[in-house]
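Colleague: just the structure for this:
(chains A and B)
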2 protein chains.
Amino acid sequence: MATDSKQVLIPVERLQAFIAGTLQHVGLPEADALKVGGLMAQADLQGSDGHGVIRLPMYVKRIRAGGLNVRPNITVVHEKPAMAVLDGDNGMGHLVVSRAVELAIEKARTAGVAWVGVRSSNHAGPASLYARMPIEHDMIGLYFAVGNANHLPPWGGMEMLLSTNPIAVGVPTLDEPPVVLDMATTVAAYGKVKAKAKAGEMMPEGWMIDRKGQPLLDPKRADEGFLLPIGGHKGYGLALIVGLLAGTLQGAAMGRQVVDFNKDHVSKTNTGQAILVIDLKAFGDPAAFKSQVDTLVRDIRHSERLEGVKRIWLPGEQSHQRRLQYGAEGIPISAGVIADLAALSVELGLPPLV
Amino acid sequence: MATDSKQVLIPVERLQAFIAGTLQHVGLPEADALKVGGLMAQADLQGSDGHGVIRLPMYVKRIRAGGLNVRPNITVVHEKPAMAVLDGDNGMGHLVVSRAVELAIEKARTAGVAWVGVRSSNHAGPASLYARMPIEHDMIGLYFAVGNANHLPPWGGMEMLLSTNPIAVGVPTLDEPPVVLDMATTVAAYGKVKAKAKAGEMMPEGWMIDRKGQPLLDPKRADEGFLLPIGGHKGYGLALIVGLLAGTLQGAAMGRQVVDFNKDHVSKTNTGQAILVIDLKAFGDPAAFKSQVDTLVRDIRHSERLEGVKRIWLPGEQSHQRRLQYGAEGIPISAGVIADLAALSVELGLPPLV
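Modeller: Numbers count the residues shown, from 1 in each chain, chains lettered A, B, ... in the order given. As a prediction, the model looks like this:
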């Protein structure tokens, strides 16, 4: 978690205010702009730097091109005691998915478990933001999303019919940091490829291959190849299933229907996401469950390590430490991102971030 | 799917009857013995040969040692409109999990979505058996299980605190074979290691490492090393999450509580499994969804292939083909398994399988 000299440290509140001010300027109502700004700043705060403020110029471009609805009317299109499907009316994904999580939490209180999916949504930032939301209600969150551009072919194939389709899960604990898994079904998420390109760094072998099956290391050449799934055919299967659950089931885009939002700023993406919320109270005493998780966390952390391994991490533990560190010292934003944001502010006639 | 000369072809009905007869002999009621026999034969029929009849001698050993309850009283310990937890009373996992799936299907009809988990269960065979059950009801099944022996250390660690904790998902289709993913969160399931040992074959590199971090290839030395997770730290995270969802949430064993049923045939395993059932009818017209899945399946199957790749497979497609082939020709059972079953029949004074 060392920050290098090419980075600028920005307090989380300032980052949120900057994002909110920019989004309000291009048409979002103040409350919505603040909500999105808060979630995007939280992404950077936890180190999900491929999904935070780095995305602001693209969101603004899409909004100004008419590709995002700044005043969506989010509606319920299907509903049962333990499920709902929302139509996001092409609003920002952060707003649509937040609404879905709130509804799922409410439904889980009576049903024990609830699934709420969305269609006509958009990119919503890191999956873990949403999987974490139920935790403070003593609930588990499982989040599934269709990525906003296809970068993954089926196993053995070359046509990019699938996206990085992530899974995130948030599990409450008692005294330990919550267990939060957030994983793309590819070895690397595409946001990480973009962050490498922005930072001017090469990718490690294993992230991408080219059309000849050879390793692709230069993130600026990402267009010439595709991402690799975790565990070979298993990751391909997982990406497909997540896409069916988060996309097809909700009436959202999947496969060839997916719009590449890196290249097309106008077409409606019809992004699909879904959250499953499980209320611990339905399963017994939440404190007993959380105490069991704490024990497991400690058993794992203090277990015997392979030679050369300094520490065994739990999922979400490094993000948790970043949140504490960056909250105290400021969030490191790379010089490349700062330059892009400065250009955006000039373009919009707004005060710069720094 | 070639069968070699060391294998014997057994009709699925004969296999089921043999298993059922054996289980009835050691105390299971006839209906329960037939149900377990049917599910175990289905495992072999679809090529899940690490989870079918190969396990019968061990089940019998456990039953005769008093480690499995042949007449369990399966009860509901927690219930809400969209969830339940069952106590399996230490019965055979096949019976306990089948009951859970039936209840989840029933609940999903009214709630839209339902989660049913079990505790005090036991090994239940391949995960896909249960994830497939909701399909004929136009429902999606997601199944999570805690493996019955810990073979996976946390990432960077050496203590085997986790199992292969599988995920299986079954998705209905219209004319195509259903999409059925069944994956251990390790590169190889431990059942596959056992099958290699039984077949006298070596394992490929990447399945297991020893305590020095070196590749372990001899399945007979499996005790000296541990399995590797898919995608490194991601597979570790996934195995942990599946264990929390299938085990800890249900009040079942997880982490150090897991009993290694390969070595201990007496202690109650308190195995945990869970199924999530999603009713397509709650999300709109099931036929429209299934038609979308068919389109996606065909788009994937017919998409451009990497050089040297003969065919792109969908998850569950190879099992589907095996089910058809083995159903017509008989199920190939290896000579090693046939010998073990013959010894079992002699021991019990029962007629042999062949």
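
Colleague: for residue A:107, what are its contacts?
Modeller: A:81, A:82, A:83, A:84, A:114, A:116, A:277 (C-beta atoms under 8 Å, 6 or more residues apart in numbering or on different chains). Where C-beta positions appear, they are placed from N, C-alpha and C, glycine not excepted.

Colleague: so which residues of chain A form helices?
Modeller: According to DSSP state H, chain A carries its helices in the segments A:12-25, A:30-45, A:56-64, A:93-111, A:128-132, A:190-199, A:233-246, A:286-301, A:317-329, A:335-348.

Colleague: hmm, residue A:175 is touching residue A:294, no?
Modeller: Yes. Assessed by C-beta atoms under 8 Å, residue A:175 is found in contact with residue A:294 at 5.8 Å.

Colleague: returning to that earlier point: which ones among the contacts of residue A:107 also lie next to chain B?
Modeller: Restricting those to those touching chain B (C-beta under 8 Å from any C-beta of the partner chain) yields A:81, A:82, A:83, A:114.

Colleague: quick check, nearest of the residues you listed to residue A:334?
Modeller: Distance to residue A:334 across the ones next to chain B among the contacts of residue A:107 (C-beta to C-beta) is lowest for residue A:114, with 38.9 Å.

Colleague: test my guess that the closest one contacts residue A:79.
Modeller: No. Using C-beta under 8 Å, residue A:114 is not in contact with residue A:79, being 10.6 Å away.

Colleague: out of those two, which sits in the busier spot?
Modeller: A count of neighbours by other C-beta atoms under 10 Å in any protein chain shown puts residue A:114 above the other of residue A:114 and residue A:79, at 32 against 15.

Colleague: ok, the more buried one - contacts?
Modeller: If you count contacts by C-beta under 8 Å, 6+ apart, then residue A:114 has A:82-84, A:103-108, A:276-277, B:82, B:113 around it.

Colleague: taking those, please make a ChimeraX selection of just the buried ones.
Modeller: This is how ChimeraX selects the buried members of these, with burial counted by 16 or more other C-beta atoms under 10 Å in any protein chain shown:
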select /A:82,83,84,103,104,105,107,108,276,277 /B:82,113
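
Colleague: run the chain-centre distance for stretch A:117-134.
Modeller: Remark: stretch A:117-134 is offset 7 Å from the chain centroid, using C-alpha atoms, centre = their mean, to the nearest Å.

Colleague: span of stretch A:305-322 from start to end?
Modeller: End-to-end distance for stretch A:305-322: 23 Å, by C-alpha to C-alpha, to the nearest Å.

Colleague: for it, buried residues please.
Modeller: A:305, A:312, A:313, A:314, A:315, A:316, A:317, A:319, A:320, A:322.

Colleague: if you rank every helix and strand of chain A by mean pLDDT, what lands last?
Modeller: Across the helices and strands of chain A, mean pLDDT, DSSP states H and E gives its lowest value to helix A:190-199, namely a mean of 83.

Colleague: wondering if that one reaches chain B at all.
Modeller: No. Helix A:190-199 stays out of contact with chain B when judged by C-beta under 8 Å from any C-beta, the minimum separation being 12.9 Å.

Colleague: which neighbouring elements make contact with that helix?
Modeller: strand A:331-334, helix A:335-348 (3 or more C-beta pairs under 8 Å, 6 or more residues apart in numbering or on different chains; DSSP states H and E).

Colleague: which of the buried residues of stretch A:305-322 lies closest to chain B?
Modeller: residue A:315 (4.1 Å; C-beta to the nearest C-beta).

Colleague: the closest one touches residue B:240, doesn't it?
Modeller: Yes. Using C-beta under 8 Å, residue A:315 makes contact with residue B:240 at a distance of 6.6 Å.

Colleague: so how far is residue A:71 from the closest residue to residue A:63 other than its chain neighbours?
Modeller: Counting by C-beta to C-beta, 6 or more residues apart in numbering or on different chains, residue A:63 lies nearest to residue A:26, which is 4.8 Å off, once chain neighbours are set aside. With distances taken as C-beta to C-beta, to the nearest Å, residue A:26 is found 12 Å from residue A:71.

Colleague: quick one: which of those two has more around it?
Modeller: residue A:26 (17 against 10).

Colleague: which residues touch the more buried one?
Modeller: Residue A:26 neighbours (C-beta under 8 Å, 6+ apart): A:60, A:63, A:64, A:70, A:348.

Colleague: one step back: overlap in contacts of residue A:315 and residue B:240?
Modeller: A:179, A:181.

Colleague: if we can go back for a sec, how far off centre is the least confident helix or strand of chain A?
Modeller: 14 Å.

Colleague: next one: stretch A:66-83
Modeller: That offset, for stretch A:66-83, works out to 19 Å (C-alpha atoms, centre = their mean).

Colleague: what mean pLDDT would you report for that stretch?
Modeller: What stretch A:66-83 shows for mean pLDDT is 98.
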